[in-house]
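Colleague: Please work out how this folds:
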Amino acid sequence: MFIEERHKAILELLRERGSISTSLIQRTFNVSYDSAKRDLRILEEKGLLKRTHGGAIPADTSLTETANEAVGTAVGRPCNDSAEADAIAKYAASLISDGETVFISSDELGCALAAFLPERLRARVVTNSLKLANLLEKRQNLDVWLAGGELRGGRFYDSFATAMLRRIWYDCIFIGAKGLTHEFGLSVFDGSELAIYETIIPAAKRVVGLAPSAVIGRNAPISLCAADRLSCVITDSGCDRELLTPFDKLGVRTVIVENEPE
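Modeller: Predicted coordinates for the structure are as follows:
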């Protein structure tokens, strides 16, 4: 991984978690303590974060947009482009039927999916995201189950959370991807939720990958789900159809949706 790629990945982790530690950077990217500190210093000098004792916090709320300009586009377009996310999320929401139990991931695509759930849908939504649960709490037709435990970065993901989640059967799991290849499967930058997905994927009838075109054909450091375990991959119109051919051969349904107009 090039330095520019690692810097963008660090900013992505920071945006998702709300804070990041030097030790997490070391573990995630297999770099030394000095390299991790140097990365944070460089990003702080660019105004992209603020260093703290043992880590960093966001410099401001425009972190993602600024990062894409300052760090560069070595790893493609930003995954959270609103038109892409809306198109993917809207289609994903249409796959949920009345009476189903679904798990929605805690990333930005998961929150976008939640926002597109039809008003009349009667279903059970399970999540470990406090933000997503708050978004849905007033939806009278939905049963919202929030996995408890230790809260970090707006998410629950310790043994208390997995103890609850392993007792549930899921009609469908929706996972936002930061990387997707047929060799490495669906991958993300943050491994803190690995135990969550190792718990719930075996108990799911369907697993749907939410994958902006920018992430297809590249790998993030942590694999959450093998490619042949995916039931469906949803991406946007920027995707080259040839990149999806290996998934078609695995029997994975692949869907390209048109971007929502901005």
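
Colleague: What residue spans form the domains of the protein?
Modeller: Each structural domain of the chain that the record assigns through automatic domain parsing is listed here as a residue range: 3-71, 82-257.

Colleague: Can you give me the neighbour number for Gly251?
Modeller: Using other CB atoms under 10 Å, the number of residues around Gly251 comes to 9. From N, CA and C alone the C-beta is placed, and that goes for glycine too.

Colleague: three-state assignment of it?
Modeller: Put simply, Gly251 is coil when judged by DSSP: H, G, I helix; E, B strand; the rest coil.

Colleague: my read: it touches Asp228, true?
Modeller: Yes. The pair Gly251 / Asp228 is scored as a contact, 7.4 Å apart, by CB atoms under 8 Å.

Colleague: one step back: and the domains of the chain as TSV, adding mean pLDDT?
Modeller: As requested, the domains of the chain are exported to TSV (pLDDT from 0 to 100):
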stretch	mean pLDDT
domain 3-71	78
domain 82-257	93
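
Colleague: Out of the ones you listed, which one sits most buried?
Modeller: The highest mean neighbour count among the domains of the chain belongs to domain 82-257 (a mean of 19), with neighbours defined as mean count of other CB atoms under 10 Å.

Colleague: so how far is it from its chain's centroid?
Modeller: Between the centre of domain 82-257 and the centre of its chain there are 7 Å (CA atoms, centre = their mean, to the nearest Å).

Colleague: Kindly report the same for stretch 26-39.
Modeller: Distance, centroid of stretch 26-39 to centroid of chain: 22 Å (CA atoms, centre = their mean).

Colleague: And the strands in the stretch 1-150 of the chain?
Modeller: According to DSSP state E, counting those that start in this stretch, the stretch 1-150 of the chain carries its strands in the segments 20-21, 49-52, 55-58, 101-104, 123-127, 142-146.

Colleague: quick one: contacts of the fifth one?
Modeller: Okay, so that is strand 123-127. The set of residues that contact strand 123-127 without belonging to it, under CB atoms under 8 Å, 6 or more residues apart in numbering, is 96-106, 110, 114, 117, 132-133, 136, 141-147, 165, 168, 170.

Colleague: now do 10 Å
Modeller: Counting contacts by CB atoms under 10 Å, 6 or more residues apart in numbering, the residues outside strand 123-127 that touch it are 96-106, 110-111, 113-114, 117, 132-133, 135-136, 139, 141-147, 155-156, 164-165, 168, 170-174, 200.

Colleague: Can you name the element that comes right after the helix or strand containing Met164?
Modeller: Counting by DSSP states H and E, the element that carries Met164 is helix 159-165. Sequence-wise, the next helix or strand beyond helix 159-165 is strand 170-176, with elements assigned using DSSP H and E.

Colleague: Please identify the pairing partners of that next one and their relative orientation?
Modeller: Taking DSSP bridges as the criterion, strand 170-176 sits next to strand 101-104 (parallel), strand 204-210 (parallel) in its sheet.

Colleague: Run through who's touching the helix holding Met164.
Modeller: Residues external to helix 159-165 that are found in contact with it (CB under 10 Å, 6+ apart): 103, 126-128, 145-151, 155-157, 193, 195-200, 203.

Colleague: try it again with 7 Å
Modeller: The contact list for helix 159-165 (CB atoms under 7 Å, 6 or more residues apart in numbering) reads Asn128, Ala147, Gly148, Gly149, Ala195, Ile196, Thr199, Ile200.
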